[in-house]
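[1] Sequence and predicted structure, then a few things I'm wondering about:
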Amino acid sequence: MVSLSEKDRKYLIDPVTLRASAVAMRSSGFEIVAEQLEAAAAEIEGGNEAFAAIVEAKHGLETELKHSRSNHRNTLDVIAEWGDLLRELKDARPLILYGDEWVKRIKRALRMIV
């Protein structure tokens, strides 16, 4: 079973009590009741395992979303910086056509993405 946090564990139902009741019913001669309790305990265990798998998937998706948001913010920052650099290059071009300043600005822009 997947390890769950204490917060998530409070939602699980413990089938041990049902299994103990099934043993007691079986020893008292109530085989049909014991079988039903065992079946209910198995269903609960299956539900608990499914819940744990969903919680694990949820945590994975939350982590992935956090990374995606961070990447998105970083991408927007790079785009803004590139916009500033392109505006600078646009303004500098008429004054210095392919001169040293132009080359320096392009190199600076290219270093930002490496």
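    Done, it's in.
[2] List the buried residues for stretch 67-76?
    Within stretch 67-76, no residue counts as buried by 16 or more other C-beta atoms under 10 Å. Any C-beta I mention is one placed from the backbone N, CA and C, and that applies to glycine too.
[3] what about that stretch, average pLDDT?
    In this model, stretch 67-76 carries a mean pLDDT of 94.
[4] going forward can the numbers begin at 30, since that is how I track them
    In the new count, where the first residue is 30, that last one comes out as stretch 96-105.
[5] Go ahead and name everything in contact with it.
    Counting contacts by C-beta atoms under 8 Å, 6 or more residues apart in numbering, no residue outside stretch 96-105 touches it.
[6] What segments of the protein are helices?
    35-38, 45-56, 60-121, 129-142 (DSSP state H).
[7] which one of those helices is the most hemmed in?
    helix 45-56 (a mean of 15; mean count of other C-beta atoms under 10 Å).
[8] returning to that earlier point: can you flag the weakest of the helices of the chain by average pLDDT?
    When I compare the helices of the chain, helix 129-142 is least confident, with a mean of 70.
[9] what's the nearest residue to residue 71 if we skip its chain neighbours?
    Spatially, and ignoring its direct neighbours in sequence, residue 71 is nearest to residue 44 (7.5 Å; C-beta to C-beta, 6 or more residues apart in numbering).
[10] Verify the stated contact: that neighbour with residue 67.
    No - using C-beta atoms under 8 Å, residue 44 is not in contact with residue 67; the gap is 9.2 Å.
[11] what about dumping the CA coordinates of stretch 129-139 to CSV?
    Below are the C-alpha coordinates for stretch 129-139, written out as CSV (Å, rounded to 0.1, in the frame of the first residue of the first chain):
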residue,chain,number,x,y,z
ASP,A,129,30.8,46.7,-32.1
GLU,A,130,28.0,47.8,-29.8
TRP,A,131,25.5,45.8,-32.0
VAL,A,132,27.6,42.7,-31.7
LYS,A,133,28.0,43.2,-27.9
ARG,A,134,24.2,43.5,-27.4
ILE,A,135,23.6,40.4,-29.5
LYS,A,136,26.2,38.4,-27.5
ARG,A,137,24.5,39.6,-24.3
ALA,A,138,21.2,38.5,-25.5
LEU,A,139,22.5,35.1,-26.5
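[12] Many thanks, have a good one.
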